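J.: Curious how this folds, go ahead:
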Amino acid sequence: MNWHETIQIQELQKEEPLPYELLLLADPSKAMIDGYIHSSFVYTAKSDEQVVAVYALQEMDQDTAEIKNLAVAEALQGKGLGTYLLQHSISIACEKGYSHIIIGTGDTSTGQLYLYKKLGFEVFATKENFFIDHYPEPIYENGIQCKHMILLQKKLR
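T.: Below you'll find the model as predicted:
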C-alpha cells in the first residue's frame, strides 16, 4: 500500500489527547508510557481524520534519539504502515540532527526484530530481565514469556 498518499503524519501538540489505546498496543503499562511520553516528540498517523498509528521519539543525548513506542491499529497491522512510520521516525531523527537512533523490543518480538534489522538496525545490547523487573504482569508474545529487552541501533550519518 502507498501510505504517503493515504496517511497524514504530524507531531502531536501538547494540548491534544494522547492516543493511549494505540500506545498500549506497544507498551502494556500506562505507568511506563507516562514515564517517557511527556519528554518525547509524539507523532500520529491519521487516515480520514482517525488516528491509526503513533510513535514517540525521545532524545537520549545530543547525538542519539530513541523510538520509545511505535504502534499501529490492529486492523492495519501487517500492511506496511509500521515500516512507513519507522522510516518517518528515522527521517525526523535525521532532521533533528541526531547521528544515531535506537529502538528496544522484547526478546520474543520476532516480527519487530525482523523489521528493524531489515531497515538497517543492529543489535548492540540486551537488558536482561527488563520485562520481568519493570512490569507487574508477565507479558507473552508468540506464546512465550517476554523477559529481555533487545536494543538495536542505526547510524544515521
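J.: going forward, measure contacts and count neighbours with C-alpha atoms only.
T.: Fine.
J.: For stretch 69-88, what is the distance to the chain centroid?
T.: 9 Å (Cα atoms, centre = their mean, to the nearest Å).
J.: Would you mind measuring the gap between the ends of it?
T.: In stretch 69-88, first residue to last residue: 13 Å (Cα to Cα, to the nearest Å).
J.: cool, and stretch 107-127?
T.: 10 Å.
J.: Bridged to the residue nearest in space to the middle of the chain, which residues?
T.: Geometric centre of the chain, nearest residue: residue 70, 2.6 Å, by Cα atoms, centre = their mean. Beta-bridge partners for residue 70, by DSSP bridges, are residue 55.
J.: Where do the helices of the protein begin and end?
T.: With DSSP state H as the criterion, the chain has helices at 3-6, 20-26, 30-36, 81-95, 110-118, 130-134.
J.: right, and those - which one's nearest residue 53?
T.: With Cα to Cα as the criterion, residue 53 lies closest to helix 20-26 of those, at 6.7 Å.
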